[in-house]
Every structure is written in structure tokens, then in C-alpha cells.
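[1] What would the 3D arrangement of this be:
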Amino acid sequence: MSEAPRPPLPPFTAETAAQKVRGAEDAWNGRDPEKVALAYSPDSRWRNRAEFLSGRAEIVAFLTRKWERELNYRLIKELWAFTDNRIAVRFAYEWRDDSGQWFRAYGNENWEFDELGLMRQRHASINDLPISEEQRLFRWPQGRRPDNHPGLSQLGL
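    Here you go, the predicted structure:
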């Protein structure tokens, strides 16, 4: 079965790379593992912290576990750099555990795309910082970040 293209396609420009980043942010904020996994090639390879994944089935299983544990998840991604078929992103997300402890996770991702615009490699480095409820900055309703909500740079992150 042939994969459908996932625009924008490489080679990226500043505009199309930013669109790709916002599309990924929107998808992850939707917290639907099956839908998110469709943005990755069937043989996509990931390094997420110390976990190594291969293929969509492992991505779906990983995201399912992640969002069962990381409650009230809200994410902001920001384009850092790009080339023809690669994008570097910095991000932060806030979540709480089942005991009510809030965290802000900070990280960087390196992405490589195939000719159809599917991500074939994702390398993520992430650190978690415990925060209080009062320190939260990402307070929009669950789902897509509103267009008028500040990004990472505007928030000083």
C-alpha cells in the first residue's frame, strides 16, 4: 500500500519548516496515538530519552503509555533550524502525574523526512523539571494551542 504525501514536503524553506513544526505540535496536543503515528514513515526510527523505537506500532504503543501517564499534557514546539529534509526543534510541555505533581519537560528534537514528508528519524533529548501548579504557563483548554497564545521565545523559555 502506497503512503499518501504529508505536506509540506522537503526541501524545506523557513516557512514550510515552521508549518511542519506547528503541524506536529497540533497533532501531539490532540493526544491521539494512531493519528500522530501517521506522520511517521512505516519504518520510522526514534530515540526518545533512553527508549529506542522502530515502526508505527511501537510509536503508537509508546504514545499510548506516555499520555496515560502524562496527564493534562500541553506542548509548545519552536523551529530551531532546518536544511533540505531535516528540521531541528526545541520544545517544552507541561503535564502532571496521577499524584498531582506538575512538571515542565524541556527538550530538543532532530527530525529527518523522506520524500513524502513522513518523518523517518526522530531523536529527542528531554529533561523534566518539577513545578508547582502556580508556575504553570500552558493553560489553554486541552487540544490545539490557540494562535494568540505565546510561544516559547515569547514566554522566555
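[2] Pull up the gap between residue 56 and residue 25, please.
    Distance, residue 56 to residue 25, by C-beta to C-beta, to the nearest Å: 20 Å. All C-beta spots, glycine's among them, are computed from the backbone N, C-alpha and C.
[3] you'd agree residue 43 is up against residue 120?
    Yes. The pair residue 43 / residue 120 is scored as a contact, 7.1 Å apart, by C-beta atoms under 8 Å.
[4] Between the two, tell me which one has more neighbours.
    Between residue 43 and residue 120, residue 120 has the larger neighbour count (other C-beta atoms under 10 Å), namely 17 against 11.
[5] Point me to the helix or strand that includes that one.
    strand 119-131 (DSSP states H and E).
[6] Look at residue 153 and tell me its secondary structure.
    Here residue 153 is helix, with the state taken from DSSP: H, G, I helix; E, B strand; the rest coil.
[7] next one: residue 72
    Residue 72 is classified as strand under three-state DSSP.
[8] what residues does the lengthiest helix in the chain touch?
    Ranked by number of residues, the top helix in the chain under DSSP state H is helix 14-30. The contact list for helix 14-30 (C-beta atoms under 8 Å, 6 or more residues apart in numbering) reads 8-9, 12, 35-36, 39, 73-79, 82, 87, 89, 91, 113, 117, 142-145.
[9] Give the rounded mean pLDDT of it.
    Mean per-residue pLDDT for helix 14-30: 98.
[10] cool, and stretch 44-54?
    Rounded mean pLDDT across stretch 44-54 is 96.
[11] Could you give me the buried positions within it?
    Neighbour counts using 16 or more other C-beta atoms under 10 Å place 44, 45, 46, 48, 53 of stretch 44-54 among the buried residues.
[12] if we take those residues, which one ends up nearest to residue 153?
    Comparing the buried residues of stretch 44-54 against residue 153 with C-beta to C-beta places residue 48 closest, at 24.1 Å.
[13] And the pLDDT for residue 1?
    pLDDT for residue 1: 55.
[14] would you list every one of the strands in this protein?
    40-48, 51-54, 71-82, 86-96, 102-113, 119-131 (DSSP state E).
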